[in-house]
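Trainee: need a structure here:
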Amino acid sequence: MRNLIFATILIATGACVAPAPTFDAQAETAHWVELWRTYDLDRVGDLFVTDSTVSYLSSEREGLVLGFDSIIAHHEGFGFVAGGSLPEQELWLEDVHGQQRDDVATVTAAWFFGDRTAPRDSVQRGPVTFVYAHIDGNWLIAHVQFANYE
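Mentor: Predicted structure coming up:
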């Protein structure tokens, strides 16, 4: 009912809401991988929703990380600093799959962290899910959930 009322108001006022642009899972997650290649804390706000609604379930820590300030602190805990630094290990994604529904998109992938040339079972790895929201012309991460493979 609420959507019908909203649509009626839009039609009656002549307002038009442009649909979100097509979501590109490879491109959007490449920005996130680049964040992990630079450990640049200043870039976190370019990729994540920056309010109290953003959330993160880590594979490294128990509990929900909720709100942008907590997301910043979580990244600081991994060694992210303003201006960035060179990490000792590499993070990468494989089997990236994205789906879009209007202004929300989900991405599932396998994450890996360590030496890319090492045997697969010797690096940290697991599934990851990203939820992106199209906000003010940008695709921003609204939620991330990591897990570990044994």
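
Trainee: When you work out contacts or count neighbours from here on, use the C-alpha atoms and nothing else.
Mentor: OK.

Trainee: List the residues that contact the nearest residue to V123 once chain neighbours are set aside.
Mentor: Distances taken as CA to CA, 6 or more residues apart in numbering place G114 nearest to V123, at 5.1 Å, with adjacent residues excluded. Residues in contact with G114, defined by CA atoms under 8 Å, 6 or more residues apart in numbering, are Q89, E90, L91, V123, Q124.

Trainee: Put the buried members of these into a ChimeraX selection.
Mentor: Selection of the buried residues among these in ChimeraX, burial being defined by 16 or more other CA atoms under 10 Å:
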select :91,123
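
Trainee: Quick one: which of the contacts of G114 has the lowest pLDDT value?
Mentor: Of all the contacts of G114, Q89 has the smallest pLDDT value, namely 92.

Trainee: And for it, nearest residue in space, chain neighbours not counted?
Mentor: Nearest residue to Q89, sequence neighbours excluded (CA to CA, 6+ apart): G114, at 4.7 Å.

Trainee: how about that neighbour, phi and psi?
Mentor: phi 150, psi -140 (degrees, to the nearest 10).

Trainee: Do you know the pLDDT at it?
Mentor: G114 is assigned 95 on the pLDDT scale.

Trainee: Then E150?
Mentor: 81.

Trainee: Using CSV, list the CA coordinates for stretch 98-105.
Mentor: C-alpha atoms of stretch 98-105 as CSV (Å, rounded to 0.1, in the frame of the first residue of the first chain):
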residue,chain,number,x,y,z
GLY,A,98,26.4,-10.6,-8.3
GLN,A,99,22.6,-10.0,-8.5
GLN,A,100,20.7,-6.7,-8.6
ARG,A,101,17.2,-5.9,-7.6
ASP,A,102,16.4,-2.3,-8.1
ASP,A,103,18.7,-0.3,-5.9
VAL,A,104,20.1,-3.2,-3.9
ALA,A,105,22.7,-5.7,-5.1
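
Trainee: Do me a favour and average the pLDDT over that stretch.
Mentor: Across stretch 98-105, pLDDT averages out at 97.

Trainee: Same question for stretch 63-73.
Mentor: In this model, stretch 63-73 has a mean pLDDT of 97.
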